[in-house]
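*Asks:* I need the structure of the sequence given here:
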Amino acid sequence: MSQHILTAVAWPYANGPRHIGHVSGFGVPSDVFSRYQRMAGNKVLMVSGTDEHGTPIQVQADKEGVTARELADRYNRVIAEDLTALGLSYDLFTRTTTSNHYAVAQEIFKGLFDNGYVFPKTTLGAVSPSTGRTLPDRYIEGTCPICGYDGARGDQCDNCGNQLDPVDLINPRSKVNGETPKFIETEHFMLDLPAFTEALGTWLQSKQGEWRPNVLKFSLNLLGDLQPRAISRDLDWGVPIPLDGWRDRGDKRLYVWFDAVIGYLSASIEWARRSGDPDAWRQWWQNPDARGYYFMGKDNIVFHSEIWPAMLLGYNGEGARGGTPGSLGKLALPSEVVSSEFLTMEGRKFSSSRQVVIYVRDFLQRYDADALRYYIAVAGPENQDTDFTWSEFVNRNNGELVAAWGNLVNRSISMAAKNFGAVPEAGELTDADRTLLERSRAAFPAVGAELGRSRFKNAVTEAFDVVRDANRYLAEQEPWKLKDDPERVKSILHVALQVVDDAKTLLTPFLPGSSNKVHAMLGGEGVWSGMPQIREVDDEDGRHYPVIGGEYDGAATWESRPLRAGVPLAPPTPLFAKLDPKVVEEELARLDSPSAE
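*Replies:* Numbering: from 1, shown residues only. Modelled structure (predicted):
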């Protein structure tokens, strides 16, 4: 039975291009998951966009001598182009500076306020002594007052996981210029997180056995010390506060983290409007049988397992104070928070400022998108911090994509095209033939079960085992030696091509671009697996901006389909390019160059 599946993908921040560490956390895993769910017959809505508000945007804009709007416009387009090139199949990738997003964010705020879960409070806010500008929590570092970690951020300590307030840090310092921030009294609106402790606890406990253990344990540990959290800031770049006496103020806006998580909902509503059915989003947000999966890096777990669920509970009127749902109606909480760990690079933490980084755009100018997708799936930070090394990337590209998968495709299709010009018809099958075919068919439920649980490393490993078994089969059957037995050659090659077709399907969520090529090589017609495209749209205020979308209802389905004998075959082209091992030396030299210091 078909299900509605919401794939809610973390919103990349629009203060610069994204690097491969970013897309290993939110990008590739969410796309692999979504492509599989579509192939399995489910109705997927994959949404995200660029996160464009907050002081960090203003800080970067000042550095570049442009306005915050100009900076956001530039990097929104850069990021959209890069994610499209990586093949990420968003139904809508938009941005947080749209009229629609403003309206939805303000509606969620008003719903929380009306139900009593948002209240004003005078607090101490951090400002830069030299500029007078508000410093965002994440732009302040210091020593954690709880565990003593010296690199704690103003909103959270990555060492112990506790939520913090900048004023609580020991020896706080600005990440912008190193100065000690000044704390002044200011009035802000607070989200009453303690009012959701019981409801969040009940909800999280219900996820035992479903979520990744690290995500659930981290989330449960936070429940004991929930504190009211500011959801407004002293700045002029962001969503206005929708209350009398506040909405026209130029010095107060909703805090960027508050409006960004609402983006999952606002993007769904924008997608529905652009699809021609303004209420279509409700099937993913209010249908009791729908499921919502949220993808991000581990530094964003708290926002998706605590804060966003609390906001939804409060809007629904389901916290300790009760209340009634807002005008949008009751909204569904996440079914699962799928968090990846961190990806480092050659033993070093990714750092754009120190050029310990490779941006997605730079990577894809030199290497195949599917090669990066495969590396992230098989060797990425799915459940533990992982180090990207150029040597491993080259070895996996050459040893697995080229020598195993590419070689199987090339020699199977080449022999069939050369000897018969078409997919040959199989004769009587041997035990070896049947064993391989059964092995290939059995992989579909096995790989599908792993993909459905977001266990991507297990899934791609199982799929590649089919490729290795097929290569072993060809090596043992040696059809190139059976010149006097053409009927047996036909059977061997038919079996090999059937398994190539199966493996193409099994690998489609991971390698959509190359799977489309294999589909065409095997004589397939039409689109196998749809790829994303950028199109220009208009906002209600007349501004133009790019969005990612696409038609993904191609021929791809999650099943083994009998290969039709007689389909013409042409000599294949190489599926992947073999990399010169000198790539390792060149990339390491670039990383260690004087400009990287």
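*Asks:* quick one: terminal-to-terminal distance for stretch 511-529?
*Replies:* 10 Å (CA to CA, to the nearest Å).
*Asks:* list the contacts for D91?
*Replies:* D91 makes contact with 44-47, 271, 549-550, 552, according to CB atoms under 8 Å, 6 or more residues apart in numbering. Where C-beta positions appear, they are placed from N, C-alpha and C, glycine not excepted.
*Asks:* 6 Å instead, please
*Replies:* Contact partners of D91, counting by CB atoms under 6 Å, 6 or more residues apart in numbering, are 45-46, 271.
*Asks:* and it, backbone torsions?
*Replies:* phi -80, psi -30 (degrees, to the nearest 10).
*Asks:* Next one: it, what pLDDT does it get?
*Replies:* pLDDT, D91: 98.
*Asks:* same question, S352
*Replies:* 67.
*Asks:* Quick check, R291 in contact with L6.
*Replies:* No. Counting by CB atoms under 6 Å, L6 is not a contact partner of R291; they are 7.0 Å apart.
*Asks:* neighbour-wise, which of these two wins?
*Replies:* Neighbours were counted for R291 and for L6 using other CB atoms under 10 Å; L6 has more, 27 against 17.
*Asks:* what's the host helix or strand of the more buried one packed up against?
*Replies:* Per DSSP states H and E: L6 is located in strand 4-9. On a contact count with 3 or more CB pairs under 6 Å, 6 or more residues apart in numbering; DSSP states H and E, strand 4-9 meets helix 27-39, strand 43-50, helix 282-285, strand 291-297.
*Asks:* What are the contacting residues of it?
*Replies:* Applying CB under 6 Å, 6+ apart, the contact partners of strand 4-9 are 26, 30, 34, 37, 42-46, 48, 264, 283-284, 287, 290-295.
*Asks:* 7 Å instead, please
*Replies:* With CB atoms under 7 Å, 6 or more residues apart in numbering as the test, strand 4-9 has contacts from 26, 30, 33-34, 37, 42-48, 264, 283-284, 287, 290-295.
*Asks:* Quickly run through the sheet partners of it, with directions.
*Replies:* Next to strand 4-9 in the sheet, as set by DSSP bridges, lie strand 43-50 (parallel), strand 291-297 (parallel).
*Asks:* out of the contacts of D91, who has the most neighbours?
*Replies:* Most surrounded of the contacts of D91: other CB under 10 Å gives M46, at 31 neighbours.
*Asks:* excluding its backbone neighbours, what's nearest that one?
*Replies:* Counting by CB to CB, 6 or more residues apart in numbering, T7 is the residue found nearest to M46 once chain neighbours are left out, at 4.0 Å.
*Asks:* Okay, and the beta partners of that neighbour?
*Replies:* Taking DSSP bridges as the rule, T7 bridges to M46, Y293.
*Asks:* helices or strands up against the lowest-mean-pLDDT helix or strand in the chain?
*Replies:* Across the helices and strands of the chain, mean pLDDT, DSSP states H and E gives its lowest value to helix 582-591, namely a mean of 80. With contacts taken as 3 or more CB pairs under 7 Å, 6 or more residues apart in numbering; DSSP states H and E, helix 582-591 sits against helix 390-396.
*Asks:* Hmm, S391 and Y375 touching each other?
*Replies:* No. Counting by CB atoms under 7 Å, Y375 does not reach S391; the two are 11.9 Å apart.
*Asks:* ok, those two, which is more surrounded?
*Replies:* Neighbour comparison, Y375 and S391: the larger count goes to Y375, with 21 against 14 (by other CB under 10 Å).
*Asks:* quick one: the more buried one from L343, how far?
*Replies:* 10 Å (CB to CB, to the nearest Å).
*Asks:* Also G322?
*Replies:* G322 sits 43 Å away from L343 when distances are taken as CB to CB.
*Asks:* residue ranges of the strands in the stretch 451-597 of the chain, please?
*Replies:* Using DSSP state E, counting those that start in this stretch, the strands assigned to the stretch 451-597 of the chain run over residues 533-538, 544-549.
*Asks:* Tell me which of the ones you listed lies nearest to P240.
*Replies:* Among the strands of the stretch 451-597 of the chain, the nearest to P240 by CB to CB is strand 544-549 (19.9 Å).
*Asks:* and the closest one with strand 533-538, angle?
*Replies:* Calculated by axes from the mean of the first three to the mean of the last three CA atoms, to 10 degrees, strand 544-549 forms an angle of 140 degrees with strand 533-538.
*Asks:* So for strand 544-549, mean pLDDT?
*Replies:* Strand 544-549 shows a mean pLDDT of 97.
*Asks:* so where is the protein shaky, pLDDT-wise?
*Replies:* Applying pLDDT under 70 to the chain flags the ranges 351-355, 591-597.
*Asks:* and the closest residue to G550 other than its chain neighbours, how far is that from M1?
*Replies:* Using CB to CB, 6+ apart and skipping residues adjacent in sequence, the residue nearest G550 is P532, 4.4 Å away. Distance of P532 to M1, given as CB to CB: 28 Å.
*Asks:* same thing with E187?
*Replies:* Separation of E187 from M1 (CB to CB) stands at 51 Å.
*Asks:* Over to G326?
*Replies:* In this view, G326 and M1 are 31 Å apart by CB to CB.
*Asks:* which one of the two has more residues nearby?
*Replies:* Legend: neighbour count by other CB under 10 Å for G326 and M1, higher for G326 (21 against 5).
*Asks:* The more buried one is in contact with G111, isn't it?
*Replies:* Yes. G326 lies in contact with G111 (CB under 7 Å); the separation is 3.1 Å.
*Asks:* Common neighbours of the two, please.
*Replies:* Common neighbours of G326 and G111 (CB under 7 Å, 6+ apart) are Y315.
*Asks:* No further questions, thank you.
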